[in-house]
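Novice: how does the following fold in three dimensions:
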Amino acid sequence: MLQVQFIRQNKELVLERLAVKHFADAAAVVDEVLALDDQRKKLTLDYDETQAKVNSASKEIGKLMASGDKSGAESRKQEVAAFKQALGPIDEQLRATEKLLHDTLVRLPNLPGADVPKGRTAEDNVEVRRGGDIPTLAAGAVPHWDLAKKYDLIDFELGNKVTGSGFPFYKNKGARLQRALISYFLDFNTSNGYTEFLPPFLVNEASAYGTGQLPDKEGQMYYMPEDNFYLIPTSEVPLTNVFRDEILKESELPVKITAYSPCFRREAGSYGKDVRGLNRLHQFEKVELVQIVHPDKSYDTLQEMVAHVEKLLQSLQLPYRILNLCGGDMSFGSAQTFDFEVWSAAQEKWLEVSSVSNFETFQTNRMKVRFKDENGKNQLVHSLNGSSLACPRIMATLLENNQTADGILLPEVLHTYFGGDRIA
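Specialist: As a prediction, the model looks like this:
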C-alpha cells in the first residue's frame, strides 16, 4: 500500500509511474485519496479541539467547586456535556473517513521502479539474458505428459477422479523426483544463507491482505468461509507475515528465509491456456525465497536473488532466459519483477518457472514491518521474494529435454537426492 504523505509530496511522479502500469483512473483515485486525507485531517483537528475544550472546562469545574461557585461550575458542566455530545458525531465521521481513505488507498497498485520497461503485455517484456544450451531431441521425442504415462510417473486421470482437473497424482519415480527437487532446492537455498521454515498452508485474512493477495487476487484463492481462512497461493504469504507488526533491529537485517509448500490457485480465467500436463495446475509444489532488507539495499538484493535463481537453473543444466517485466505485465504489488523461463524442447516453447520481485514498502506498509534506524526512528523495511523454484514445469522440462533411448537422464546435482542418474 502506498503512503499518503508520499503521494501528496510526489503527486506528478506517482501519476507518471502509475501510467507505466497502465492503471485506469489513476488521476481520479489519487485525487480522491488526497481529498479524503484532507477531510481526515480536518476532522482530526475538530476532534482534538473539541476534546481540548472538554479537558479545559473539566479542570475549571474543579476550581469553581473549590471556590464555592456552584453556579459557575454547573454552567461549565453543561458546556462539557455539550462538547462531549459533539464529539460522538465527529468521531463517527472520522472513523468512516479513515476507512474510506484506506479502502481507496488499497485500490492503488505499487509504483514500478525506474528500470521497469514501458509496455502493456508479455510481448513488451525485455529479455535480459539467456543461458544453457537448447537441446535437439531425437526423432520420436514426446511431451512430458506422454513420458509420465510411459514411465508411470504421474497419473492425471486419477487426480481428476479423486479431486478434479489440475490436481495430479505423482507416483513411483515421479514422486521420488518431486521429493528430490524439493530437497535439493531447500539445501541449495540454506547453503546460501537462507533459514528454512515450514509454514502453515492456511492463512487468515490479515495475512492475505498484508502481502497484497487481498483485495487484488481474491478470486484466485481457495477460501474456507467457516473459518475465514485461505489456502496459500505461495509460501510468500505466511513467510512475509512472520514479521507483521514487528520492529526489527537494523543489525537483524537482512532477514533471509526459505520454505517448501504446496500452492493452491484457482487459476480463474486460465482455461484453455497451456493447461495440458504440468503446465498449469490448481495445486503444485514450490520452494520460495523471502528477504526483508534495509530500504537502501533492496535493489542490490533483487539482483542477488536473480543471480541465486540463475545459478540454481544452471546447476540443473536447463536452458533459460531472464525477462525484465514491463509495467503492464507486472503484479499489482511489485515494484520490479524478473521472470525466469525454461525451454521446453518437446513443446517448443518457454515456460515460466520463477518470478523474483522487489515490493519495496508496498507489503511492509500494510503489515507495519519496521526497523529502528541509527537515529532511533522507525522506518519501513523492504520485502522481496522469488520462486526457487516451482516444481511442475521444472519437472516437465527435465523429462522432455533429457529423454533418450536409454531413459530420462537426470542432472548430476540430483543423483544423490533421487538415488540414481536416470528414469528408465
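Novice: which residues in this protein form helices?
Specialist: When assigned using DSSP state H, the helices of the chain occupy the ranges 4-9, 11-20, 26-67, 70-105, 144-150, 156-162, 172-190, 205-210, 236-241, 298-315, 362-367, 391-401, 415-418.
Novice: quick one: low-confidence ranges for the stretch 301-424 of the chain?
Specialist: Counting by pLDDT under 70, the stretch 301-424 of the chain contains no low-confidence range.
Novice: can you pull out the strands in it?
Specialist: 320-324, 336-344, 349-358, 370-372, 378-380, 382-390, 403-404, 407-409, 422-423 (DSSP state E, counting those that start in this stretch).
Novice: can I get those strands in JSON lines with mean neighbour count and distance to residue 223?
Specialist: Using the backbone N, CA and C atoms, a C-beta is placed for each residue, glycine as well. Output for the strands of the stretch 301-424 of the chain, formatted as JSON lines (neighbours: other CB atoms under 10 Å; distance: least, CB to CB, whole Å):
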{"stretch": "strand 320-324", "mean neighbour count": "19", "distance to residue 223": "31"}
{"stretch": "strand 336-344", "mean neighbour count": "23", "distance to residue 223": "26"}
{"stretch": "strand 349-358", "mean neighbour count": "22", "distance to residue 223": "23"}
{"stretch": "strand 370-372", "mean neighbour count": "19", "distance to residue 223": "30"}
{"stretch": "strand 378-380", "mean neighbour count": "15", "distance to residue 223": "29"}
{"stretch": "strand 382-390", "mean neighbour count": "26", "distance to residue 223": "22"}
{"stretch": "strand 403-404", "mean neighbour count": "19", "distance to residue 223": "40"}
{"stretch": "strand 407-409", "mean neighbour count": "18", "distance to residue 223": "38"}
{"stretch": "strand 422-423", "mean neighbour count": "18", "distance to residue 223": "38"}
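Novice: follow-up on the earlier one: with mean neighbour count and distance to residue 259 added, can I get the helices of the chain in a markdown table?
Specialist: Shown next, in a markdown table, are the helices of the chain (neighbours: other CB under 10 Å; distance: least, CB to CB, whole Å):
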| stretch | mean neighbour count | distance to residue 259 |
| --- | --- | --- |
| helix 4-9 | 14 | 31 |
| helix 11-20 | 16 | 31 |
| helix 26-67 | 15 | 35 |
| helix 70-105 | 15 | 30 |
| helix 144-150 | 20 | 26 |
| helix 156-162 | 14 | 24 |
| helix 172-190 | 19 | 8 |
| helix 205-210 | 20 | 14 |
| helix 236-241 | 26 | 6 |
| helix 298-315 | 18 | 15 |
| helix 362-367 | 24 | 16 |
| helix 391-401 | 26 | 14 |
| helix 415-418 | 16 | 18 |
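Novice: tell me who's in contact with residue 400.
Specialist: By CB atoms under 8 Å, 6 or more residues apart in numbering, the contact set of residue 400 is 137, 141, 143, 144, 147, 344, 345, 346, 347.
Novice: pop out the phi and psi values for the residue nearest to it when sequence neighbours are not counted.
Specialist: Distance criterion CB to CB, 6 or more residues apart in numbering; nearest residue to residue 400, sequence neighbours excluded, is residue 346 at 3.9 Å. Residue 346 has phi and psi values of phi -80, psi -30 when expressed as degrees, to the nearest 10.
Novice: how many neighbours does residue 346 have?
Specialist: Neighbour count for residue 346, taken as other CB atoms under 10 Å: 20.
Novice: touching, it and residue 141? I think so.
Specialist: Yes. Residue 346 is within contact range of residue 141, at 5.5 Å (criterion: CB atoms under 8 Å).
Novice: and residue 198, how close does it get to residue 187?
Specialist: With distances taken as CB to CB, to the nearest Å, residue 198 is found 14 Å from residue 187.
Novice: I misspoke; the intended subject was residue 36.
Specialist: Taken as CB to CB, the span from residue 36 to residue 187 is 50 Å.
Novice: ok, now residue 389?
Specialist: With CB to CB as the criterion, residue 389 and residue 187 are 13 Å apart.
Novice: again with residue 148
Specialist: 25 Å.
Novice: ok, now residue 41?
Specialist: In terms of CB to CB, residue 41 sits 53 Å off from residue 187.
Novice: let me know the outermost residue of the chain.
Specialist: Most distant from the centre of the chain: residue 68, at 66.0 Å, with distances by CA atoms, centre = their mean.
Novice: show me what contacts it?
Specialist: Residue 68 touches nothing, counting by CB under 8 Å, 6+ apart.
Novice: same question, residue 2
Specialist: 14, 105, 108, 110, 111, 362, 365.
Novice: could you pull up phi and psi at it?
Specialist: Dihedral angles for residue 2 - degrees, to the nearest 10 - are phi -70, psi 160.
Novice: pLDDT value on it, please?
Specialist: On pLDDT, residue 2 comes in at 95.
Novice: how much space between it and residue 203?
Specialist: In terms of CB to CB, residue 2 sits 23 Å off from residue 203.
Novice: now residue 93: closest residue in space that isn't a chain neighbour?
Specialist: Closest to residue 93 by CB to CB, 6+ apart is residue 43, at 5.8 Å.
Novice: where's the one you found relative to residue 57, distance?
Specialist: If you go by CB to CB, the gap between residue 43 and residue 57 works out to 21 Å.
Novice: check residue 205 too.
Specialist: Taken as CB to CB, the span from residue 205 to residue 57 is 43 Å.
Novice: chain center to stretch 190-200, what's the gap?
Specialist: 17 Å (CA atoms, centre = their mean, to the nearest Å).
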